[in-house]
Structure formats: structure tokens, C-alpha cells
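[1] Build me a structure from this.
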Amino acid sequence: MSSTIRDIAKLANTSKSTVSRYLNGQAVKKKTQEAIEKVIKDLNYHRNIHARRLVMSKTLTIGVVVEEITNVFNTNILRGIEQIAKEKKFNCVFYSWSSNSNHEEGFLDLLHEGQVDGLILISFKKRDKPLLNMIAESDYPIVLIGDSQLTESVCAIDIDNSFGISEAVRHLHENNHREIAYISGPKGAAATETRLQSYKSTMAQLGLKIRPEFIVDSNWTNETGHTAMQKLLSIGGFTAVAASNDETAIGAIKAVQEMGLQTPVDIAVTGFDDIPVAKWVYPSLTTIRQPFAEMGVVAAKELFKRIEKQDSADPMKHLLKPELVVRRSTIC
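    Next up, the predicted model:
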């Protein structure tokens, strides 16, 4: 019988919540961490799952673990996954969880009890790395959608964030903008750093000056985009802004309008994502469209390679190219 989090907690002489915190990448005492890791190693935790499944018939079900199931991005990803699952005559089980709520035991039971033939994990974060590594070591069919830098041992599907921001900056440059500011995202998010570095490198490649005061953080919301643009407007001297997501860009445009200025006449603005409202705001938003449905399709195809034990199912990264969508926020 496979070991559970309860078993690990008992043998490590600690609580289930402490084991959950460790698996979620949260801080625990060093002595406790070492005890938990030793127990996991001794029990070979979840490593026998794959062997047990070999003598069982397939469930014809795949599991999809997602933090925000109603998020517009995830909705499109799920549509792509369901498309391939339907072609394979498989069902999908969706498990909504939060790495802040210590509910990981529920979806681990999907593996522990053999309820699914494989898992697709969506938008796991750095703090989830211990949990991800533990699942990866089980030799269970899994695919990750999101931060491709989290692990080398799992097939990961991600967006080429660097390419996307470069496309936005180059588009602004082609439209005669030379002083281009940048509204970045929340610190700690993998995409934030990748997109920021792409902004800097593209500006350098184009021979444009990178001014530190022209780089402002946001939290990828309308409100923080609005605040970021207000800060930039108080500095002045720029004619365009590349925002690291659409919500931020929309908030930024509102700040421009409140100052009696016009987009794109006075300040051009680009976003990133192509959320549904992007084409309906005024002016309609030039942005970088992420191929979310395609991400779901590719992830599902890779998962089925692993379920079917195809030779080409080695760990790999897929970086999908986003697309520049030109609208009125950059074209007069």
C-alpha cells in the first residue's frame, strides 16, 4: 500500500500541515525538513504508483490540476486539453487547488489511488517546486503548463515571453518611437523577469537608451497599471509604453486619458495576453496574443505520448510563439 502524507508526518514526528508546508515550498525548520526528506526517501514515496498501474486497466481519464479554473487564460487552455482528450476518448477530471491552502493531498490522491492515467499541471510556481519534484520522481505521466524553468525532469509547455516583448518593442520602434517606457509585472513571477530582460535586450539591440526611471513595476492589475503610468507621466520624456500584460496596459491608458492626453497620439501603449476585452476598450489595444488553446493541445498530446509510452516522450520544453496583434492604441 502506498504511503500518504499522514504516514510521512507520523514517521517524521511532525504534523500533516508541516509536511504540506514543506511540499508547497514553504519554510519549515531545518531539522524538520531533513526528517521529512529522509522519510520520503525511505518510503520511496509514490514511486510505486507507476508499477501498480501496469497491472491495472487504464482509467481512460486524465487529471488537470489548476489553481484558478475560471481564469480566462486557463479556460482556453482547458478547451485545448479537452479537444485532444475527446479525440482519444478520454475523460478529464479537473482539480482546483491553491498552494497557499495546503490542499495538495486531495489531488495527490488522484495518483495514489490510481484515479487517472496522467496529470497536466497548470501554472505551478517556484514555491511549488518540492511538490512538483516529488511527483516527477514517481515516474508518473505528467506535463507542466507554465514556468518551464521549474524543473528539467518534466515536459513543460510555455510561452516564449522573450519573443513576445521583443515584438512589442520593435513594433513601437517601427512606428517612430525612440523613448519607450516599460511597465513590468510582480516581482518573483518567472514571466516578469523574462519579459523585463527582453525589453532591455531589445532596446539595446535597437540602439535605444534604457532609462531606469522609465521602468516601473505593477501587479498585473488595472489599478497598478494606472498607478505606474501616473508615475511615468510625472517624469515625462517618453512617447510609448510597453506594458507586460493587458490589465496593466488598460489601467495605463486610463491614466493617460485622465491627464487630458490621447493614446496613441501623445503616448502609444502595448499590452500582452490579448484578453477578450482588449479589442473592446478605447482605443482598442495593440497586444501580444498568447496561444492558450494551443498550449492545451500540445500539453495533452505530450501527456498521451507518455501514457502510451512512446519513445519520443522524453522530458522536453515547448516554447510557443505568441503573436503581435496591432490595434488602435499604437496606430494613429
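
[2] if I look at the spatially most central residue of the chain, how far off is A268?
    When the chain is reduced to its mean C-alpha position, the nearest residue by C-alpha atoms, centre = their mean turns out to be G146, at 3.6 Å. From G146 across to A268, the span is 30 Å (C-beta to C-beta, to the nearest Å). Glycine gets a C-beta too; all of them are placed from N, C-alpha and C.

[3] hang on, A9 is in a helix, isn't it?
    Yes. Membership of A9 in a helix is supported by DSSP: H, G, I helix; E, B strand; the rest coil.

[4] Report the contact partners of it.
    Listed by C-beta atoms under 8 Å, 6 or more residues apart in numbering, the contact set of A9 reads S15, K16, T18, V19.

[5] In the stretch 51-200 of the chain, where is pLDDT below threshold?
    Where the stretch 51-200 of the chain drops to pLDDT under 70, the residues are 51-57, 69-70, 97-114, 125-134, 136-139, 148-152.

[6] follow-up on the earlier one: among the contacts of A9, name the ones in helices.
    If you go by DSSP state H, the contacts of A9 have K16, T18, V19 in helices.

[7] If you rank those by neighbours, which is first?
    When neighbours are counted by other C-beta atoms under 10 Å, V19 leads the ones in helices among the contacts of A9 with 27 neighbours.

[8] my guess is that one meets I5, correct?
    Yes. With contact defined as C-beta atoms under 8 Å, V19 and I5 form a contacting pair (5.2 Å).

[9] hey, what's in contact with both of these two?
    Contacts common to V19 and I5, judged by C-beta under 8 Å, 6+ apart, are absent.

[10] Going by residue numbers, what spans are strands in the stretch 151-300 of the chain?
    Along the stretch 151-300 of the chain, the segments classed as strands by DSSP state E, counting those that start in this stretch run 155-159, 180-183, 215-216, 240-243, 268-270, 287-289.

[11] quick one: contacts of the shortest one?
    In this structure, residues lying in contact with strand 215-216 by C-beta under 8 Å, 6+ apart are A181, Y182, I183, S184, L196, Y199, A228, K231, L232.

[12] buried subset of those?
    A181, Y182, I183, S184, L196, Y199, A228, L232 (16 or more other C-beta atoms under 10 Å).

[13] Out of the residues you listed, which comes closest to I40?
    Closest approach to I40 among the buried ones among the contacts of strand 215-216 (C-beta to C-beta): L196, at 36.0 Å.
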